Structure formats: C-alpha cells, structure tokens
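Engineer: Provided below for reference: sequence and predicted model.
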Amino acid sequence: MGPQPPRNGEGGLPRLRADRVLLAIAVAVALVAGVVGVIGHIADFDRLRDALGRVDPVWLAPAVAGKLAGYTGYILAYRDVAAMRGGPRLPAWAVTRIVGIGFGAFVAGSAAGGLAVDWWALRRAGCDGHDALRRVLGFNTLQWAALGTFAALAGLAVVAEEAPEVPTAMALAWLVGVPLCFAGGLWASDPKRLDRLSRIPPVPPLRPVTPRALVRWAWAGLRVGLADAIGGLRYVRPALRHPVRHRAGVLGYALYWVGDLFTLYACVRAFGAEIGLAALVLAYATGYVATALPLPVGGAGGVDAAMTLALTAVGLPLAEALLVSVTYRGVSFWLPIAPALALLPTAPRLSQDLAEIAAGAGSRR
C-alpha cells in the first residue's frame, strides 16, 4: 500500500505561511534599524559615512560564495547524520528544501522554528517522535562541536601569544569551556551509561491539575528532554570516533563554518579592515552564540549587536565593526530569505516525497 496523503497539520506545515514570514521580516528590519541607530549614534554617523565611502564591493562576491559553500557543507552533513543507525536516506534536493523551509521558520520565529522543521521532516521520513528529536539534537551538537573546536584552537593560539589583540578572557572562555563540554558529552555517551541516561521516564498525568501534580509533570518533562538530549549523543559519538566513515557529517559541518567564517572575513576586507585568523574565529564564535538564544525573528538586531561588540573586542573600530556586522548579516541572513520564501509553497510536495521515502524504507525491512 502506497503512502497516504498527509493529514492537515502534518504534511504542509500550515502555520509557516508566507504572510507570517513577511510580517517577521518587517519586524526584523525595524529591529536592525534600531540597533544601527543606537550603535551608529555612539560610533558617530560621520565615521560611519566615511567607512561606508571606502567600501570595496569586489569582496561581496566572495562573501556570497562563502555562504554557498557553507550551505553545501550543511546539506552533506545533514544527510549523513539523518542516515545514521538505520535512519532515512534523504536525497540532496529533499534536504535542500528542508534547510530552506527551516530557514523560513527560523526567520518567522527563532532557532526553535528551524529545529521544529527538522523534526517534522524526519518524522515524515519515517522516524518516530523521540528518534527524530534525538537526530535533530545530534545535528546541532555535532554542528556546534565543530565551531567549538575551531574556537578552542583559536583560544590556544591567543594563550600562546599568537594573537595579542584578542582579550585573554574571550580566549580562555572557549579554551576551557569547550573541553569541559566534550568531556561531559563523552561521559554521558559512554555505552555503559548511555542507555540508562537516555531512557524515557514515565510522565504522570496532569489530572487533577494541582500545584503538586503540575510540579511532578514539569519535572518529568524536563527529565524527558534531558533523556532526548543525551540520546542525541548516540549520533555524535560515532561520527567523532569514526570520522572517515562519517566524513560527510564531520567535514560537512567543518565546511559550513569555514564558509561562514570566510563570509565574515570578506565583509571585513570589504571595509578595508584587517583581522587575524584567531581574532576572526573568536569574534565570530562569540557573536554567533547569540543565535542559540530564543531571540525573535531569527535574532535580527540582537545578533547584529552581538557580532558588532565581538568585533570591537578584537580591535576593529566601532564604525567599521557595525558596518561589517550588518553586511555579514545581509549575506548570511537577509539574502537567503528570498529562496526560503520561494521554497515555502513546496512544503506539501516535500511532505509527500518524505512520506514516500518512509514507505520505501518500510517495504525494504
């Protein structure tokens, strides 16, 4: 029996409408304008005008190329992690649409919106709810592990006095924090304890609704979330232990960050500024952390401000740092909105394609 047509609410992501995305874009523009106004006033608008007059647009093409390379790496990594341990084997075009539609959800909401699309796609492709969530968390853990590794190595260079322009505190935060996170992940993902820590606990019914029942229900929910987060390490540990076997996942996320770092570097050079590799990596990683926060409309305004402050911390003048940050976000955030909007109407077709993948995988078992 072939795949059934998707039911309302499952197949077409009806809440992700183009009008909602357009409203989010309008709010994002207002937020960015506010940030530029405030920081621009502090930096002096005359200096901003002078820096803008020195822009070299030749660097904008490499900036876009870096972003395209980054997306290519992300798609490769997504496919590899999705297929781990008997997961769905997704065609490149299907993953491209998932990433594009997820970016539309990211713009319309926050980072959680993009994660929800990833979860939805894996569910439609045949994963059960917890397995889909764990794979999504595995995606993100492996992705951030790659960035954390770059930042820790850059922090080591600073400590070795290879980049004196970078604040020692910024370097140490990554140099100390990343190994601690890796150690915690290795401990939790050890086969001797992984099954126990990732076991889903029972959730008590919330009836009758009393303060005590509410507390017990919330605590159980937190334990379920923690179990799924640890369960996501099941897809991270094999990739790190067998990088050759899972080279698409490991190298794909590395390519994603290298491409995005090159985009930022090209934006720095477009305004005639200079920045060392360690300073670039640490400023980028520190500013990018803001995208992990539940900020509205894709972090518009907040991420721009965070990246600006991070760039000034490694020595860029405030006026140039603001313009570099806004230009970088123009390439990495605003430019992909057009293809994201173009892909939104394809969600029902994508849903059907994913259902067919699930049906095909089921028939082969």
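Structural biologist: The structure has been received and is ready for your questions.
Engineer: scan this protein for its longest helix.
Structural biologist: helix 129-159 (DSSP state H).
Engineer: how about residues contacting the helix or strand that that one is followed by?
Structural biologist: Downstream of helix 129-159, the first helix or strand assigned by DSSP states H and E is helix 168-188. Residues from elsewhere that reach helix 168-188 (Cβ atoms under 8 Å, 6 or more residues apart in numbering): 141, 145, 148-149, 151-152, 154-156, 158-159, 163, 193-194, 197, 230, 233, 236-237, 278, 282, 285-286, 313-314. C-beta: built from backbone N, CA, C; applies to glycine.
Engineer: residues touching Gly259, list them.
Structural biologist: 66-73 are the contacts of Gly259 under Cβ under 8 Å, 6+ apart.
Engineer: mind listing the helices for the stretch 1-150 of the chain?
Structural biologist: 18-43, 45-53, 60-83, 92-108, 111-124, 129-159 (DSSP state H, counting those that start in this stretch).
Engineer: ok, which of those comes nearest Thr308?
Structural biologist: helix 18-43 (6.0 Å; Cβ to Cβ).
Engineer: thinking again about what came up before, pipe the helices of the stretch 1-150 of the chain into CSV and attach distance to Leu261 and mean pLDDT per row.
Structural biologist: Converted to CSV, the helices of the stretch 1-150 of the chain look like this (distance: least, Cβ to Cβ, whole Å; pLDDT from 0 to 100):
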stretch, distance to Leu261, mean pLDDT
helix 18-43, 22, 82
helix 45-53, 22, 86
helix 60-83, 8, 92
helix 92-108, 19, 80
helix 111-124, 20, 80
helix 129-159, 8, 92
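Engineer: mean neighbour count and distance to Pro208 added to the ones you listed, as TSV?
Structural biologist: Below are those laid out as TSV (neighbours: other Cβ atoms under 10 Å; distance: least, Cβ to Cβ, whole Å):
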stretch	mean neighbour count	distance to Pro208
helix 18-43	16	37
helix 45-53	13	60
helix 60-83	20	42
helix 92-108	22	36
helix 111-124	21	30
helix 129-159	21	27
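Engineer: Gly301 is nearest to which of those helices?
Structural biologist: Among those, helix 18-43 comes nearest to Gly301, with 3.2 Å by Cβ to Cβ.
Engineer: and the angle from that closest one to helix 92-108?
Structural biologist: Helix 18-43 runs at 60 degrees relative to helix 92-108, counting by axes from the mean of the first three to the mean of the last three Cα atoms, to 10 degrees.
Engineer: residue numbering should commence at 27 henceforth.
Structural biologist: Sure, I'll start numbering at 27, so the last one becomes helix 44-69.
Engineer: quick one, helix 44-69 and helix 71-79 angle?
Structural biologist: Using the same axes, to 10 degrees: helix 44-69 against helix 71-79 is 120 degrees.
Engineer: list the contacts of Arg238.
Structural biologist: With Cβ under 8 Å, 6+ apart as the criterion, no residue contacts Arg238.
Engineer: contacts only, for His156.
Structural biologist: Taking Cβ under 8 Å, 6+ apart, one finds 226, 254, 257 in contact with His156.
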